[in-house]
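Visitor: got a structure for you, letters missing:
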């Protein structure tokens, strides 16, 4: 496949394209590709996956907090969702 030139904000085109082919959204593919390409996250540093786990789980958030996060991300249909549906939508975004 021919290499596509995406915006200069994509740091690792190969990883980005592989993630897109696997069905990842443009936003998610860019986020992962850029995290992997970031030299500050090399083997000398802590990787993004190891750093995780500091935020409380969505189950600990109020419905209003979940709604606000869904609104920030742009999840469609959020106004009709209950708390568990908001959690599911946020995790699968």
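Guide: Happy to help now that I have it. Because the structure is a prediction, the values reported are computed rather than measured.

Visitor: At the geometric centre of this protein, which residue sits there?
Guide: residue 28 (4.4 Å; C-alpha atoms, centre = their mean).

Visitor: That one is in contact with residue 19, isn't it?
Guide: Yes: counting by C-beta atoms under 8 Å, residue 28 touches residue 19, with 7.0 Å between them. The way it works is simple: take the backbone N, C-alpha and C, and place the C-beta from them, glycine included.

Visitor: Quick one, grab the pLDDT at residue 63.
Guide: On pLDDT, residue 63 comes in at 95.

Visitor: again, but for residue 36
Guide: In the prediction, the pLDDT value recorded for residue 36 is 75.

Visitor: burial measure for it, as a count.
Guide: Around residue 36 sit 17 other residues, with neighbours defined as other C-beta atoms under 10 Å.

Visitor: Point me to the helix or strand that includes it.
Guide: helix 26-37 (DSSP states H and E).

Visitor: Next: residue 66.
Guide: helix 63-73.

Visitor: quick one, that helix and helix 26-37 angle?
Guide: Inter-element angle recorded for helix 63-73 and helix 26-37: 80 degrees (by axes from the mean of the first three to the mean of the last three C-alpha atoms, to 10 degrees).

Visitor: Quick check: buried residues in helix 63-73?
Guide: Of the residues in helix 63-73, those buried by neighbour count under the rule 16 or more other C-beta atoms under 10 Å are 66, 67, 69, 70.

Visitor: Next, the contact list for the nearest residue to residue 82 once chain neighbours are set aside, please.
Guide: In this structure, residue 82 finds its nearest non-sequential neighbour in residue 63, 7.6 Å apart by C-beta to C-beta, 6 or more residues apart in numbering. Residues touching residue 63, when contacts are defined by C-beta atoms under 8 Å, 6 or more residues apart in numbering, comprise 82, 83, 86.

Visitor: which of the buried residues of helix 63-73 lies closest to residue 58?
Guide: The shortest gap between residue 58 and any of the buried residues of helix 63-73 belongs to residue 66, at 6.4 Å (C-beta to C-beta).

Visitor: Fine by me, we can end here.
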